[in-house]
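Novice: Pasting a predicted model and its sequence here:
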Amino acid sequence: MKLITTIFLTAVLAISMAFAQSGENLPAFKQVYSTATTPSAGTNCIQSLTFGATITGGTFKLAYDGKTTAAITWSSTNATLVSNIDTALEALANIGTGGVTTAAGTIVNGAAGTVTVTFTGNRAKQVINAMTVADNSMTGAAHTLTNAITTPGVEADGRLLPKGAACVALDTGVWYANTGTPPSPTWVKISSQ
């Protein structure tokens, strides 16, 4: 505890002196947070749905953390298929409006490729479990559907802290200010301690 207090007071003194020398006022931080090392801004999780080569129609359902979508209608029009997936996922209570951004990856005419699902909004900058295919009622000779995490989510340090919060890296005593908004912090170095 003594070490943390010493680091805190040393950093506050360094910040105060830096602002005093520049003629600016010391900012008032909304909250103070600490991490063991440099704070991470996190990474959004990206998952890829891979559709089989010869889909001709039907529906499918996706599941995420115990919740299952309504039947999603397959479409040979990429934009319509992407919209159908996005709408169904955002209707889940554990994802919500703005919780994903869905885009055509390598898919062509609704088949033989991928659709990417990036977790954003209230699901941004955190570790996300893989979605599963809860039902595949599509038709066609190769109407397969699989899902894989292609970019794992990384939890942002202080992801729910407001703009104007401060963070000290305990290993170096360096201070950072959050210039982003929850849940996507942007940690900017404000001391060289």
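Specialist: Thanks, I have the structure now. Residues are numbered from 1 along each chain as shown.
Novice: residues touching residue 45, list them.
Specialist: Residue 45 makes contact with 118-119, 123, 126-128, 149, 151-153, according to CB atoms under 8 Å, 6 or more residues apart in numbering. Yep, even glycine has a C-beta here, placed from its N, CA and C like the rest.
Novice: same thing but at 10 Å, please
Specialist: Going by CB atoms under 10 Å, 6 or more residues apart in numbering, residue 45 touches 100, 117-120, 123-130, 149-154.
Novice: repeat for residue 31
Specialist: 158, 160-162, 164-167, 178.
Novice: next one: residue 133
Specialist: Listed by CB under 10 Å, 6+ apart, the contact set of residue 133 reads 49, 60-63, 144-147.
Novice: Show me which pair in those is furthest apart.
Specialist: Largest separation among the contacts of residue 133 by CB to CB: 63 and 144, giving 16.9 Å.
Novice: so what pLDDT did the closest residue to residue 121 other than its chain neighbours get?
Specialist: Using CB to CB, 6 or more residues apart in numbering and skipping the chain neighbours, the partner closest in space to residue 121 is residue 98 (3.6 Å). As predicted, residue 98 sits at a pLDDT of 96.
Novice: hang on, residue 98 is in a strand, isn't it?
Specialist: No - per DSSP: H, G, I helix; E, B strand; the rest coil, residue 98 lies outside any strand segment and is coil.
Novice: Return the distance of residue 114 relative to residue 148.
Specialist: To residue 148, residue 114 is 9 Å away according to CB to CB, to the nearest Å.
Novice: where does the chain have low pLDDT?
Specialist: Applying pLDDT under 70 to the chain flags residues 1-28, 193.
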